[in-house]
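Visitor: pasted the sequence and its predicted model underneath.
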Amino acid sequence: MTKKKLALEVIERLKKEYPDAGCTLDYNDAWKLLVSVRLAAQCTDARVNIVVRDLYAKYPTIEALAEAEVEEIERIVRPCGLGKSKARDISACMKMLRDEYAGEVPRDFQALLKLPGVGRKSANLIMGDVFGEPAIVTDTHCIRLVNRIGLVDGIKEPKKVEMELWKIVPPKEGSDFCHRLVYHGRDVCTARTKPHCDQCCLADICAKKGI
């Protein structure tokens, strides 16, 4: 089976397994997703969803967060870890949105990459979830699973994984496919324990079953 055919089969099986899979970060504005995905680095989405409640209660708009003291942002987001750098990036990002984009999140991948604290993973997430554009979000679950399944071969660098997946994943499927990999990686193809291959809908086509 070619990698392209394997990708299509994996996509269809995960659709059946996780029909309603979406982003597990809570947000109702594009800028809030930018904040949350920055906080999610080395932190669980569940914890981020709790922490941002206090952040948005005190700073409910881009303007308010842009004007906030970095130290006060850090105090609130500290439970997510790396509080100093995350607070600094959030403050700078909100200032840039306010001053250069009239308080709007740009609908352009390269423009998103220019925002402080925004890398390819974050930019792809915004493009896919907010704007409905083709996107490949290579988080840790995605990288681990596509290597195990055999969609990529021993590639761990996120951008390289992303580029390989663009070759074999239909553009319209990329965003939802990556969300489903997150669900599957948490529930079945786990990192901290041996993967639960006996429960896996991909077991018969997985290149590294049981590893």
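Guide: That came in fine, so what should we check first?

Visitor: can you give me the buried ones in stretch 198-211?
Guide: Applying a neighbour-count criterion of 16 or more other Cβ atoms under 10 Å, one finds 200, 202, 205-206 buried in stretch 198-211. Placement of C-beta: from N, CA and C, glycine included.

Visitor: same question, stretch 164-177
Guide: 164-165, 168-169, 173-177.

Visitor: tell me who's in contact with Arg107.
Guide: 127, 131, 133 (Cβ atoms under 8 Å, 6 or more residues apart in numbering).

Visitor: nearest to Tyr101 among these?
Guide: When these are ranked by distance to Tyr101 (Cβ to Cβ), Phe131 comes first, at 14.1 Å.

Visitor: ok, the nearest residue to the closest one once chain neighbours are set aside to Lys3 distance?
Guide: In this structure, Phe131 finds its nearest non-sequential neighbour in Arg107, 5.2 Å apart by Cβ to Cβ, 6 or more residues apart in numbering. According to Cβ to Cβ, to the nearest Å, Arg107 stands 31 Å off from Lys3.

Visitor: likewise for Glu71?
Guide: To Lys3, Glu71 is 49 Å away according to Cβ to Cβ.

Visitor: break down this protein into its helices, ranges please.
Guide: 3-17, 30-39, 45-58, 62-67, 70-77, 83-100, 109-113, 120-125, 140-149, 158-168, 174-187 (DSSP state H).
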